[in-house]
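Novice: model the structure of this input:
(one chain, ligands or ions: 2)
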Amino acid sequence: MDGSWYNVLMTDCIFCKIVAGEIPSYKIYEDEKYLAFLDIMPWCEGHTLVIPKQHVQWVWDYENVGEYFEVVRKIAKHLGRVSGEEVVRSNIDGWEVPHAHIHVKPGKNNGMKGEQIAPEEMEKIRAKFTMLS
Ligand code: AMP
Ligand code: ZN
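Specialist: Ligands and ions are numbered 1, 2, ... in the order given. The predicted structure follows:
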């Protein structure tokens with residue numbers, strides 16, 4: 001991909017803006033290369049998106065997808081432990097936001113409606129599930 005296109009994508013990409021701290025998010029995990037934050041339209045308590053900080057459109061475009069999955073595993077196990085749920089679901093869609101992301105959802109059932117909820121409620125959920133110190 002030519003450099004100018006890359007910059008256009010970076011500028012327009014909402015998840016790149018989250019990585020850059022230009023728009024807020026409910027972060028629960030961060031390291032040098034990856035970030036996890038609560039989905040703004042949650043289907044269940046703890047519905048999380050795990051992304052590489054580097055902009056690529058598809059999970060399958062990311063060079064070190066094995067390392068990425070190790071991070072997703074760590075977060076999925078944590079969500080399972082904190083929620084007390086044995087089942088932790090995960091899916092990869094990506095038709096809405098063109099920046100690689102993996103959904104992680106603790107629990108067998110949704111329990112929420114995929115709609116925005118009050119910021120105070122989001123903050124409570126973030127505090128419950130955070131892996132940040
Ligand atoms: P999809 O691309 O189909 O996997 O869906 C993108 C997901 O990103 C949806 O579940 C949205 O609710 C979520 N989403 C979109 N914008 C934000 C945001 N600013 N913060 C957190 N989650 C978001
Ligand atoms: Zn991006």
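
Novice: interface residues of this structure facing ligand 2?
Specialist: Contact residues, the chain versus ligand 2 (CB under 5 Å from the ion): 13, 15-16, 55, 99. (Each C-beta comes from the backbone N, C-alpha and C, glycine too.)

Novice: farthest-apart pair in the residues you listed, please.
Specialist: Maximum pairwise distance among these (CB to CB): 7.8 Å, between F15 and H55.

Novice: need the strands for this protein, in chain order.
Specialist: Using DSSP state E, the strands of the chain run over 27-30, 34-38, 48-52, 88-91, 102-106.

Novice: please save the CA atoms from the last one in CSV.
Specialist: By that I understand strand 102-106. C-alpha atoms of strand 102-106 as CSV (Å, rounded to 0.1, in the frame of the first residue of the first chain):
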residue,chain,number,x,y,z
ILE,A,102,-11.7,-9.4,17.6
HIS,A,103,-14.8,-9.4,19.7
VAL,A,104,-14.6,-11.2,23.1
LYS,A,105,-17.8,-11.8,25.0
PRO,A,106,-18.0,-13.6,28.4
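
Novice: quick check: buried residues in it?
Specialist: 102-106 (16 or more other CB atoms under 10 Å).

Novice: of the strands of the chain, which is nearest L132?
Specialist: Of all the strands of the chain, it is strand 27-30 that lies closest to L132, at 6.4 Å by CB to CB.

Novice: show me what the closest one is packed against.
Specialist: Helices and strands touching strand 27-30, by 3 or more CB pairs under 8 Å, 6 or more residues apart in numbering; DSSP states H and E, are strand 34-38, helix 65-83, helix 119-129.

Novice: pull the contacting residues for the spatially most central residue of the chain.
Specialist: Central residue of the chain (CA atoms, centre = their mean): L49, 1.6 Å from the mean position. Going by CB atoms under 8 Å, 6 or more residues apart in numbering, L49 touches 36-39, 101-104.

Novice: go again with 6 Å.
Specialist: The contact partners of L49, by CB atoms under 6 Å, 6 or more residues apart in numbering, come to 39, 101.

Novice: before we move on, back to that, so which of the helices and strands packed on strand 27-30 is the most surrounded?
Specialist: Highest mean neighbour count of the helices and strands packed on strand 27-30: strand 34-38, a mean of 22 (counted as mean count of other CB atoms under 10 Å).
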